[in-house]
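Undergrad: Based on what follows, work out the 3D shape:
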Amino acid sequence: MGERLLAIDTATIACSVALFEDGALIDSSYAEIGRGHAEKLIPAIAQLRDCGKADKILVNCGPGSFTGVRIGISAAKALALAWGADVQGYNCLAIVAAQALQRMETPRPVCVAMQAGHGEYFLQNFFETGQPMEPFKTLTPEQAAGEVKAGVIAGSAAAELAAAVGADIHFPILPNAADIYLVGEEMKNMPATATYGRKPDAQPATIV
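TA: I've put the predicted structure just below:
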């Protein structure tokens, strides 16, 4: 058996896991579930070949759902400890950009726009190489319309933003762990720590 890698993605309404051996996909699962990642993730991993056991784990660290990001990272770290595996993270917007570039006949710059809750978007522009033009931002739809630097828009907010700016191509896609090898090495060697992009909806009570 060659080197195994397990990819975990729970940062959006999708829940996906993928198992690779020496870079080749050998098993995967993808479902758009909305909520319930905590209940769905471990059974999805357990149904992979050899229960998903791997030498290395990659996990989507956000930006994304506050709860989803925490669930994915917690599971990745627990499995890494149990298996003696290495664990690292990758960027949510980078994998969506890579998936969009894979769908193009000729690579073009792409703007990734993901729903961030409370009517906001996570937004980041990428070159046709998949490299980011600048750090991601959390913006209102009106602000986002002024930050688009590409004719192609991808992500869960792609349709709305494309309509607002008149973009000619858009891909309404979510991250899929099975596509992790489309992402550049430098963007999937992050520490396995959360990048939420916005504050949690629930705040600790203040005692007056």
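Undergrad: Could you list the alpha-carbon positions for the strand or helix carrying residue 28 in PDB?
TA: In the assignment (DSSP states H and E), residue 28 maps to strand 24-32. Listed next in PDB are the C-alpha coordinates belonging to strand 24-32 (Å, rounded to 0.1, in the frame of the first residue of the first chain):
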ATOM      1  CA  ALA A  24      -4.700   8.800  -7.000                       C
ATOM      2  CA  LEU A  25      -8.300   9.100  -5.800                       C
ATOM      3  CA  ILE A  26      -9.400   5.700  -4.500                       C
ATOM      4  CA  ASP A  27     -12.600   6.500  -2.700                       C
ATOM      5  CA  SER A  28     -14.800   9.600  -1.900                       C
ATOM      6  CA  SER A  29     -18.100  10.800  -0.700                       C
ATOM      7  CA  TYR A  30     -19.900  14.200  -1.400                       C
ATOM      8  CA  ALA A  31     -23.300  15.400  -0.200                       C
ATOM      9  CA  GLU A  32     -24.900  18.800   0.100                       C
END
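Undergrad: Report the central residue of this structure.
TA: Nearest residue to the geometric centre of the chain (CA atoms, centre = their mean): residue 92, 2.8 Å.
Undergrad: Tell me which helix or strand comes right after the longest helix belonging to the chain, heading toward the C-terminus.
TA: Secondary structure of the chain per DSSP state H: the longest helix is helix 66-83. Going down the chain from helix 66-83, the next helix or strand is strand 86-90, by DSSP H and E.
Undergrad: contacting residues around that next one?
TA: Outside strand 86-90, the residues within contact range by CB atoms under 8 Å, 6 or more residues apart in numbering are 55-61, 73, 76-77, 79-80, 180, 183, 187-193. Backbone N, C-alpha and C define where each C-beta goes, glycine included.
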